[in-house]
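*Asks:* how would this look folded up:
(one chain, ligands or ions: 1)
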Amino acid sequence: MKPVIALIILSAAASLPVGAQCCKNPETATCTCRATAMIQGEQWLDTDGNPINAHGAGMLFHNGKYYLYGEYKVGETILPDWATWECYRTDVTGVSCYSSTDLQNWKFEGLALKAHEDPEHDLHASKVLERPKVVYNAATGKFVMWAHVESADYSKAAAGVAVSDSPTGPFEYLGSFRPNNAMSRDQTIFVDDDGKAYQFASSENNATMYINELSDDYLRPTGKFTRNFIGESREAPAVFKRNGRYYVLTSGCSGWDPNQAQIAVADNIMGPWTLIGDPCTGPDADKTFYAQSTYVQPVQGKTDCYLAMFDRWNKTDLKNSRYVWLPIVWTDDDKPSIPWNDKVEIR
Ligand code: GAL
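*Replies:* Numbers count the residues shown, from 1 in each chain. Alright, predicted model coming up:
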């Protein structure tokens, strides 16, 4: 392992203690702040003192700020009478957005994309909206969101796309489709250094991962795609690039239940991909610490520093799902490794 310089994430908010969590007294309108560590799997509060509600999240760094986007889960978790498998869901409410300069103090910016009242609309409460990811298109100046949009029975298997002029929204929903006429469920978007973007999506009934090259405006596929991890049922893709090589962290396919993570590497983003193995180490590593990957965020201003973000699902009470964020470290033979740490510490 490389020498480890541990640091609790630096607070850029001068008036708050490091890792502050604040609660507002509604009667006096005053805030009480206390310094806390972000403990894995515990409730993380935003700067208003409310639980951070951003599941299946993605992150974007833009103009000096991190933006966190995720499934905003409120209300009951529903398992329909007709369900033949554990397709637990919550009503669609929208995609939340939080901002932070230090990855620890998160300000709620509201719903960047909101649910829709039309029962036929993809974003109606009765549907499913998962794994939103937002990227910035430098050529158009637009923020582009891709998400997994579903029918309540998970048969739609489509991608929904929305755009905004601002990272905090409001995002205008443009509609949904199956990229390259193939199913699209768990998904992420990756923008390469040359500005080209790609959607990674679990397809063919989650058996095979598609990498779909996107158009210059990031709004649709170009038609160029590759099939990867054929028949291996990989989900929850999170992509990052280091020293010119591409990495994809994935989960297995067991619904809301945890399973073993895998990481693969490629010299070309469209593949071929070479399996490295399970990067997780420590207690319950073979169950991804009872969590599932969702995104990997490069930490700004630090070399070789990538924060791997996971969801610890609570399948029968999805709004009470929690988060696990762990930095990736590099082994002596230059392989990515994700050691357990009971709190979020950037190394
Ligand atoms: C998981 C997937 C989640 C959600 C869930 C539904 O495999 O990663 O995002 O779709 O299945 O059971």
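*Asks:* Which single residue in the stretch 1-150 of the chain comes nearest to the ligand?
*Replies:* With C-beta to the nearest ligand atom, the shortest gap between the stretch 1-150 of the chain and the ligand falls at residue 130, namely 4.7 Å. Backbone N, C-alpha and C define where each C-beta goes, glycine included.
*Asks:* What is the neighbour count of the nearest residue to residue 341 once chain neighbours are set aside?
*Replies:* Among residues not flanking residue 341 along the chain, residue 326 sits closest, at 6.1 Å (C-beta to C-beta, 6 or more residues apart in numbering). Using other C-beta atoms under 10 Å, residue 326 has 25 neighbouring residues.
*Asks:* Is residue 326 located within a strand, as I assumed?
*Replies:* Yes - the assignment for residue 326 (DSSP: H, G, I helix; E, B strand; the rest coil) places it in a strand.
*Asks:* what's the distance between it and residue 185?
*Replies:* Separation of residue 326 from residue 185 (C-beta to C-beta, to the nearest Å): 24 Å.
*Asks:* Run through the neighbouring helices and strands of the helix or strand harbouring residue 149.
*Replies:* Element membership for residue 149 (DSSP states H and E) is strand 142-150. On a contact count with 3 or more C-beta pairs under 8 Å, 6 or more residues apart in numbering; DSSP states H and E, strand 142-150 meets strand 55-62, strand 107-114, strand 128-137, strand 158-164, strand 187-191, strand 197-203.
*Asks:* looking at these, which is closest to residue 330?
*Replies:* strand 187-191 (19.7 Å; C-beta to C-beta).
*Asks:* The residue of the chain found nearest the ligand: what's it in contact with?
*Replies:* Nearest residue of the chain to the ligand (C-beta to the nearest ligand atom) works out as residue 255 at 3.8 Å. Neighbour list for residue 255: 85, 86, 87, 315 [criterion: C-beta atoms under 8 Å, 6 or more residues apart in numbering].
*Asks:* how many other residues sit next to residue 49?
*Replies:* Applying other C-beta under 10 Å, I find that residue 49 has 14 neighbouring residues.
*Asks:* distance of it from residue 66?
*Replies:* 20 Å.
*Asks:* Please apply the same query to residue 199.
*Replies:* In terms of C-beta to C-beta, residue 199 sits 22 Å off from residue 66.
*Asks:* Residue 124 bridge partners, please.
*Replies:* residue 116 (DSSP bridges).
*Asks:* actually residue 246, sorry about that
*Replies:* Assigned bridge partners for residue 246, using DSSP bridges, are residue 241, residue 266.
*Asks:* correct me, but it touches residue 238?
*Replies:* No - here residue 246 does not reach residue 238: they are 11.6 Å apart, not a contact under C-beta atoms under 8 Å.
*Asks:* Of the two, which one has the most company?
*Replies:* Between residue 246 and residue 238, counted using other C-beta under 10 Å, the more crowded position is residue 238 (26 against 21).
*Asks:* for residue 180, phi and psi?
*Replies:* phi 50, psi 30 (degrees, to the nearest 10).
*Asks:* show me the residues around the nearest residue to it once chain neighbours are set aside that make contact.
*Replies:* Leaving aside its sequence neighbours, residue 180 sits nearest to residue 225 (C-beta to C-beta, 6+ apart; 4.8 Å). Neighbouring residues of residue 225 by C-beta under 8 Å, 6+ apart: 179, 180, 182, 210, 211, 212, 213, 270.
*Asks:* Quickly list what the residue nearest to the third one when sequence neighbours are not counted is bridged to.
*Replies:* Leaving aside its chain neighbours, residue 182 sits nearest to residue 203 (4.5 Å; criterion: C-beta to C-beta, 6+ apart). According to DSSP bridges, the residues that bridge with residue 203 are residue 208.
*Asks:* and the gap between residue 203 and residue 151?
*Replies:* For residue 203, the distance to residue 151 - C-beta to C-beta - is 17 Å.
*Asks:* okay, those two: which has more neighbours?
*Replies:* Taking other C-beta under 10 Å, residue 203 and residue 151 do not tie; residue 203 has more neighbours (25 against 13).
*Asks:* where's that one relative to residue 233, distance?
*Replies:* Distance of residue 203 to residue 233, given as C-beta to C-beta: 11 Å.
*Asks:* The ligand contacts on the stretch 101-250 of the chain?
*Replies:* 130, 131, 186, 235, 236 (C-beta under 6 Å from any ligand atom).
*Asks:* The helix or strand residue 210 falls within vs strand 128-137, what angle?
*Replies:* Following DSSP H and E, one finds residue 210 within strand 208-214. Angle of strand 208-214 versus strand 128-137, following axes from the mean of the first three to the mean of the last three C-alpha atoms, to 10 degrees, is 40 degrees.
*Asks:* Numbering from 2 from now on, please.
*Replies:* Let's use 2 as the start, then, which means that last one is strand 209-215.
*Asks:* What is the distance between strand 209-215 and the centre of its chain?
*Replies:* 17 Å (C-alpha atoms, centre = their mean, to the nearest Å).
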